[in-house]
Structures are given as structure tokens and as C-alpha cells.
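**Q** Sharing a sequence plus its predicted fold:
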Protein chains: 2
Amino acid sequence: MKQKIGILALGHGSRHPHNKEVVNGVADLIAKKYDNVVVRIGFMNMNTPTMKEGLEAFKGTGVSTIVAVPIFLAHGVHTMEDIPQILGISRDSRKTTVKLDGKNVQLIYSEPLGIDELVAELAFKRAQEALASN
Amino acid sequence: MKQKIGILALGHGSRHPHNKEVVNGVADLIAKKYDNVVVRIGFMNMNTPTMKEGLEAFKGTGVSTIVAVPIFLAHGVHTMEDIPQILGISRDSRKTTVKLDGKNVQLIYSEPLGIDELVAELAFKRAQEALASN
């Protein structure tokens, strides 16, 4: 039986609605696109669910491992200091164990989006769209 | 003759090196991947070149239009207020004209990366990489 993996999409949060909309929208696309994955979201500040509430939201889903993926472009204070502290992940190990439904579940912290052809392709697409509408 | 387009990749800037590395890396990938495009970068704060210096860096390139693309995931105060102000772009028109080499060049402001399958794909890839290394 293939393991069921949880993905916790981590957002910055904002007083404007857009950050939450993007994290939510991306989380929905991941859930739609990939099998055997349970996706939840959590925000660092200004929006809910919080990251801890996001973790709790995996209760009852039967995931054996959760990967917390920062939906951030690059590392910075938030991804290197604030979020590891919220999730209780040490800087070195980049993982910990959480209790869900009385069972130990591994929580792994991934890299943020970073430098990738996919970002280049998307930025170019946004440029093309702006040109087309002008 | 096909028009030569400029892309000004706009970064947030950070006291850590990672934001600049990512914006720079993505700009390089765009330049490598697409023809007839001149790519420059500019940061809102904490890093150089500034956005204005980024615009100046198109001097001598012969671009007829520049698209300023926020390498930001979502709209927020920065993309909606700070950056348009720096670039002298009104909220409504989303474009302006700048002088380069004594010629008028159109400057168009694009949407940030936003919700897209490409972001979902990349987030899932980062999750898979984290799983593979644990």
C-alpha cells in the first residue's frame, strides 16, 4: 500500500486577501493534480488557519508523513527562523515528530520554491500577458 | 523585424542573500530560455540594483517596451502601492512611458506570479525532494 503523504502549504499571510488566495489556490491545484496527497494550509501571521491549526487539520486523514512546504520564493528570516520555531523544527535536522490521532507522524520541512525553470516560465508568461493586454 | 522586449524582474530585497539570488537566478533563466528578450533586475529595498537603476540598465539595449514583472507570489502592499509608486505607474493604467537613450519606451507593469499550475508543480517537487532526502 502506498503511503499517504500530507503537504502543509505554508503562507506568509497578509492584511490584503491575495496572499491567502494564492496559497489556497496553489494548495487546491496540488490536491487536484497529485494522488495520495492530502493538502492543508497554514499561515505565519495575519491569516488563518495558523500553521499549528494547519497541522491539526491532518487529524483523521491517515497521513504517515507531512511535508511542510514554504510557499515562499526564497529563504529569509521567515523561512529560516520564524517558521522552524513555530513548527518546532531545529535548523539542522529540518524534521521533527508530531502526534496526530495518538500516532507519531514525521514532519519534514522542505525548501522554498527557489530558482527553477518553472518560475522563469511563469514570470515570462506574466510578461506576455501584460504585453498582450496593452 | 521582431521587437526587442525588456523584462525588469522586480525583487523584494532582503538582508539575507537568498532573495537576490533567487531573483537573479530566475532572471538568468528567463534570458537563457527566451529569444529577443533583455532581462534586468531591480530591488525594492535592501539590495541593489534598485528598481530605478534596473530601468537605467536598459540603456543601449534597444528595447522598445519594458515589462516590469514582480517576482512576488502574490499581490500585497508592495506590489499594489510601493512598486507602482517607485516606477511612477498609476494604479489604473498599469503603464507609463520612460525616456531611454533619448527615446520614449513604454513601461508596462505585469501581474505577480499568482496561482498557477507551475507553482503547484514546483511546490510538489520541493516536497518530493524533502521526502527523498529523509
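**A** On my side now, so go ahead. Bear in mind that the values here come from a model prediction, so they are computed numbers and not experimental data.
**Q** what helix or strand is A:Val98 on?
**A** Using DSSP states H and E, A:Val98 maps to strand A:95-100.
**Q** Neighbouring strands of that strand in the sheet, and parallel or not?
**A** The pairing partners recorded for strand A:95-100 under DSSP bridges are strand A:103-109 (antiparallel).
**Q** Run the angle between the helix or strand that the strand it pairs with is followed by and strand B:95-100 for me.
**A** With elements assigned by DSSP H and E, the helix or strand that comes after strand A:103-109 is helix A:117-132. Angle, helix A:117-132 to strand B:95-100, by axes from the mean of the first three to the mean of the last three C-alpha atoms, to 10 degrees: 100 degrees.
**Q** Okay, and A:Lys59 sits in which element?
**A** Assigned by DSSP H and E, A:Lys59 belongs to neither a helix nor a strand.
**Q** same check, this time on A:Pro84
**A** Per DSSP H and E: A:Pro84 is located in helix A:83-87.
**Q** Name the residues that touch that helix?
**A** Applying C-beta atoms under 8 Å, 6 or more residues apart in numbering or on different chains, the external contacts of helix A:83-87 come out as A:10, A:44, A:50-52, A:55, A:68, A:70, A:90-91, A:94, A:96, A:107, A:109. Glycine gets a C-beta too; all of them are placed from N, C-alpha and C.
**Q** Can you say which of those residues are buried?
**A** Among these, those buried by neighbour count (16 or more other C-beta atoms under 10 Å in any protein chain shown) are A:10, A:44, A:51, A:55, A:68, A:70, A:94, A:96, A:107, A:109.
**Q** My read is that the first one contacts A:Met44, right?
**A** So the one you mean is A:Leu10. Yes: using C-beta atoms under 8 Å, A:Leu10 is in contact with A:Met44, at 7.0 Å.
**Q** Looking at the contacts of helix A:83-87, which gets the smallest pLDDT?
**A** In terms of pLDDT, A:Arg91 ranks lowest among those, with 75.
**Q** From chain B, how far off is it?
**A** A:Arg91 sits 14 Å away from chain B, going by C-beta to the nearest C-beta, to the nearest Å.
**Q** residues contacting that residue?
**A** A:80, A:84.
**Q** Provide the secondary structure category for it.
**A** Three-state assignment for A:Arg91 (DSSP: H, G, I helix; E, B strand; the rest coil): coil.
**Q** how about the nearest residue to A:Ala120, chain neighbours excluded?
**A** Closest residue to A:Ala120 apart from its sequence neighbours, by C-beta to C-beta, 6 or more residues apart in numbering or on different chains: B:Leu29 at 3.6 Å.
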